[in-house]
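J.: Quick one, fold the following:
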Amino acid sequence: MKPLTGVRLLTIEQFGAAPYGSLFLADLGAEVIKIENESTGGEASRSGGPFLLGENDSLYFQGWNTNKKSITLDLKSAAGQSALHRLVGEADAVMNNLRGDQPGKLGLTYEVLKHHNPKIVCGHISAYGRDNSRAGRPGYDFLMQAEAGLMSITGDPEGDPARFGPSVIDFMTGMTLTVGLLSAILGARTTGKGCDVDASLFDVALHQLNYSATWYLNAGFEVTRQARSSHFSCTPAQTFKASDGWIFIMCLTENFWKHLIEALGHPELGKDMRFATMEARYQNRAVLTEILDSLFGTNTMEH
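T.: Model prediction:
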């Protein structure tokens, strides 16, 4: 028995954020029922290339939607709404990642659905939230990485701003909503009353700035892009070119640093005052990088 066996979730979802979050719920045993619109060909990622499995099916779609069920409903029709309300009566939660102004129009809020199930939890993923002037705007992972400032601290300092390779804001927003959804379901089972739960792509993207934002707000320190994908505040924590390819070395403690220089056969580096402490190594990153470059280029290390 999986831990979420017996939990039923209805989803009106597409592409990344919500499907990624509900994917975890399905894997944990929840019954996840996707509601798709047949007249538009179903969920948009069904046709996502380049690897198609058949009509209205692709590896892209399957990557987000394993272990889920699917039905078709037209939620803009009276019959579709009637069917939705019957399903809500036996569900624990309804989840969507529509534009912020759409859940209200389609009757996917707690205010509407509580009449069919007072314990229902309504989870919403939107670009900017549902309660502000930008509620009706669409939003996408890569745009949020740019707007929240993540691209300004990602990539090589001599190059252009860069985004993360995978859709990390979609992933993190999906997981953020999932945590809120499960918490609200637990609360509803105790109190008998559900609620709305909101997560927005922009809020989650901004939150990923985390300690770099805290440094700026409290100490005026502005993080910039680092060479070699280096850590913002300690070293060595970056890429190095070894004789057989690139490696990533990360010494976040003094103990790791000692193990590294011993493995390299140069324990004397630990006695060099330029590298004696984490702060000293950070202040002398350039010269330490030059030394380690020469060592990694000639050494063979056991991993």
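J.: Tell me which stretches of this structure form strands.
T.: 8-12, 31-36, 52-54, 57-58, 69-72, 93-96, 121-126, 195-200, 237-242, 245-250 (DSSP state E).
J.: Let's have the ones you listed in TSV, adding mean pLDDT and distance to E290.
T.: From N, CA and C alone the C-beta is placed, and that goes for glycine too. Compiled in TSV, the strands of the chain are given as follows (pLDDT from 0 to 100; distance: least, C-beta to C-beta, whole Å):
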stretch	mean pLDDT	distance to E290
strand 8-12	98	53
strand 31-36	97	53
strand 52-54	89	50
strand 57-58	90	47
strand 69-72	96	57
strand 93-96	98	52
strand 121-126	98	46
strand 195-200	98	44
strand 237-242	93	11
strand 245-250	94	14
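J.: mind checking which of the ones you listed is nearest L209?
T.: strand 195-200 (15.0 Å; C-beta to C-beta).
J.: Okay, now the sheet partners of that closest one, with direction.
T.: Its sheet considered, strand 195-200 pairs with strand 121-126 (parallel) by DSSP bridges.
J.: Give me the pLDDT for A44.
T.: Per-residue confidence (pLDDT) for A44: 86.
J.: I'd guessed it sits against Q14; true?
T.: Yes: using C-beta atoms under 8 Å, A44 makes contact with Q14 at a distance of 4.9 Å.
J.: Those two - which one has more neighbours?
T.: Q14 (20 against 12; other C-beta atoms under 10 Å).
J.: quick one: the helices in the protein?
T.: 17-27, 59-65, 78-88, 102-105, 110-113, 141-147, 168-191, 201-207, 210-219, 254-263, 278-283, 285-296 (DSSP state H).
J.: helices and strands around the first one, which ones?
T.: Helices and strands in packing contact with helix 17-27 are listed as strand 8-12, strand 31-36, helix 59-65, strand 93-96, strand 121-126, helix 168-191; criterion 3 or more C-beta pairs under 8 Å, 6 or more residues apart in numbering; DSSP states H and E.
J.: Pull out the buried residues from that helix.
T.: By neighbour count on 16 or more other C-beta atoms under 10 Å, the buried set for helix 17-27 is 17-26.
J.: so what's M273 up against?
T.: Neighbour list for M273: A280 [criterion: C-beta atoms under 8 Å, 6 or more residues apart in numbering].
J.: shaky segments in this structure?
T.: Where the chain drops to pLDDT under 70, the residues are 298-303.
J.: Which residue, other than its chain neighbours, is closest to the residue nearest the centre of it?
T.: Residue closest to the average C-alpha location in the chain (C-alpha atoms, centre = their mean): M172, at 2.0 Å. Excluding the flanking residues, the one nearest M172 by C-beta to C-beta, 6 or more residues apart in numbering is V204, at 5.1 Å.
J.: from memory the one you found sits against G174, does it?
T.: No: counting by C-beta under 8 Å, V204 does not reach G174; the two are 9.2 Å apart.
J.: Tell me which of the two has more neighbours.
T.: Higher neighbour count among V204 and G174: G174, with 28 against 23, using other C-beta under 10 Å.
J.: In this structure L264 contacts L295, no?
T.: Yes: assessed by C-beta under 8 Å, L264 is found in contact with L295 at 5.2 Å.
J.: what's around E31, how many residues?
T.: Residues lying near E31 (other C-beta under 10 Å) number 18.
J.: quick revisit: for G245, find the nearest of the helices and strands packed on helix 17-27.
T.: helix 168-191 (24.8 Å).
J.: check contacts around S229.
T.: 238-239, 248.
J.: Would you list the buried entries among those residues?
T.: Buried among the contacts of S229 (16+ other C-beta under 10 Å): Q238.
J.: Make JSON lines from the contacts of S229 and add distance to A148 to it.
T.: Shown next, in JSON lines, are the contacts of S229 (distance: C-beta to C-beta, whole Å):
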{"residue": "Q238", "distance to A148": "24"}
{"residue": "T239", "distance to A148": "25"}
{"residue": "F248", "distance to A148": "25"}
